[in-house]
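> Quick one, structure for this:
(one chain, ligands or ions: 2)
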Amino acid sequence: MDVALARSWIAAIAAAVAEQADYLTQLDSAIGDADHGVNLNRGFTAVVTALDTADPRTVAEVLVKTGTTLVSKVGGAAGPLYGTAFRAIGKALPADSSTVDAAELGVALRAGLAAVQKLGAAVPGDKTIVDAYGPAVAAFEEAADDGLPAAARAAAEAAAEGMRATTELHARKGRASYLGPRSVGHQDPGATSTWLIFQALADVAA
Ligand code: ADP
Ligand code: MG
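Ligands and ions are numbered 1, 2, ... in the order given. The predicted model follows:
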């Protein structure tokens, strides 16, 4: 991954989030407060503008800038969680990262997951971002030797599976946890946006 590919990834996330904003908000209206798509769309729109202005020179700078912008522009649970994740991903890359390989990106994605779990204290099965992000990172690491396109494809498939599996889970973190057992039967919005993020990576890396 070079700087251009990193920026394509973020642009592809922004496009997917814009396209799926109503769907994400609809999922959040079932078990939350109907703002997930609105929140992320505002955030990633701001990120694209911030990257145009900053003109980052390394992959690490692209991802740290993405995270910092999300933290400052997006309220709710997901903004700080995704913001912290992208910052951690960027900070875990070599500082002189004009290009990074799949193994380096795998290490960084793992650091992003650790940051999400440190901030939000969610474990697998809590019906959150972690339920798509965890399997995605594991699949990415497993396939990293086969190169970025294969690793990203494997990660997107694992994220999709994790996302679908949230439907049957009882939410134990975030707003949906207030519903208790009534959260069962609804797919988690944050796990769904995490799938969009990994699918965007698979699409641009292909
Ligand atoms: P809010 O719940 O504040 O309205 P959003 O609607 O933007 O924020 O995001 C909701 C999503 O955030 C949930 O679907 C869930 O996936 C994720 N989430 C909430 N709390 C946590 C947490 N502690 N750890 C990981 N993800 C979380
Ligand atoms: Mg919400």
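> CA only for contacts and neighbour counts going forward, please
Noted.
> gap between the nearest residue to residue 147 once chain neighbours are set aside and residue 161?
Leaving aside its chain neighbours, residue 147 sits nearest to residue 102 (5.8 Å; criterion: Cα to Cα, 6 or more residues apart in numbering). With distances taken as Cα to Cα, to the nearest Å, residue 102 is found 22 Å from residue 161.
> Tell me which of the two has more neighbours.
Using other Cα atoms under 10 Å, the more surrounded residue of residue 102 and residue 161 is residue 102, with 21 against 16.
> Give me the below-cutoff pLDDT ranges for this structure.
Judged against pLDDT under 70, the chain has no low-scoring part.
> Ligand 2 contacts on that one?
Taking Cα under 5 Å from the ion as the contact definition, the chain meets ligand 2 at 33, 35, 36.
> now, which of these lie within helices?
residue 36 (DSSP state H).
> can you list the residues of the chain next to ligand 2 in TSV and add distance to residue 77?
Supplementary listing: those in TSV, determined by distance: Cα to Cα, whole Å:
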residue	distance to residue 77
33	11
35	10
36	9
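> thought residue 192 was touching residue 24?
Yes - look at residue 192 against residue 24 with Cα atoms under 8 Å: they come within range, at 7.4 Å.
> In terms of helix, strand or coil, where does residue 177 fall?
Of the three states, residue 177 takes helix under DSSP: H, G, I helix; E, B strand; the rest coil.
> what sits against the nearest residue to it once chain neighbours are set aside?
Excluding its sequence neighbours, the residue lying closest to residue 177 (Cα to Cα, 6+ apart) is residue 171, at 4.6 Å. Counting by Cα atoms under 8 Å, 6 or more residues apart in numbering, residue 171 touches 126, 127, 128, 177, 179, 180, 181, 183, 184.
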